[in-house]
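>>> pasting a predicted model and its sequence here:
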Amino acid sequence: MSRAARSTMTEVVDMRRGAIRVSGHLSVQGADLLRATVETLRRDGHATVVLDLRELRDVDDAGRQELDDIRHSLAAQGGELVVVAPPAQLAARP
């Protein structure tokens, strides 16, 4: 697999449900896109955003940090980020 293919993240958004399905590799660039999508869902009235990570293959440290920042930012606005099927590397925190 090429380096570009490994570093690509895609998302599929269900605006009606307030859900985002993520696949590929979550890096800081992908998390930036994800943050913008979460903010759009919040502006559209979704207090809870569902993040489905079952197709996520890899997450680097910067992507992990951005995901934590998104969660805290959403909570500070009175919302909630519900993460479905996080990969083991998100659960295994030092």
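Received it, and whenever you're ready, just let me know what you need.
>>> for the record, mean pLDDT for the helix or strand hosting Ala36?
Assessed by DSSP states H and E, Ala36 sits inside helix 28-43. Across helix 28-43, the average pLDDT comes to 92.
>>> after it, which helix or strand is next?
Counting by DSSP H and E, the element after helix 28-43 in chain order, helix or strand, is strand 48-59.
>>> on contacts alone, who are the packing partners of that next one?
When contacts are defined as 3 or more Cβ pairs under 8 Å, 6 or more residues apart in numbering; DSSP states H and E, strand 48-59 packs onto strand 19-26, helix 28-43, strand 80-84, helix 88-91. No exception for glycine: its C-beta is placed from N, CA and C like everyone else's.
>>> what angle separates the longest one from strand 48-59?
The reference is to helix 28-43. Relative orientation of helix 28-43 and strand 48-59, computed by axes from the mean of the first three to the mean of the last three Cα atoms, to 10 degrees: 170 degrees.
>>> what residues does helix 28-43 touch?
7-9, 11, 13, 15, 18, 20, 22, 24, 26, 49, 51, 60, 62-63, 65-67, 69-70, 73-74, 77, 79, 81 (Cβ atoms under 8 Å, 6 or more residues apart in numbering).
>>> buried subset of those residues?
Neighbour counting over these (16 or more other Cβ atoms under 10 Å) leaves 9, 11, 18, 20, 22, 24, 26, 49, 51, 60, 63, 66-67, 70, 74, 79, 81 as the buried ones.
>>> for stretch 51-71, the distance to its chain's centre please.
5 Å (Cα atoms, centre = their mean, to the nearest Å).
>>> what about it, start to end distance?
10 Å (Cα to Cα, to the nearest Å).
>>> kindly report the same for stretch 13-20.
End-to-end span of stretch 13-20 (Cα to Cα): 5 Å.
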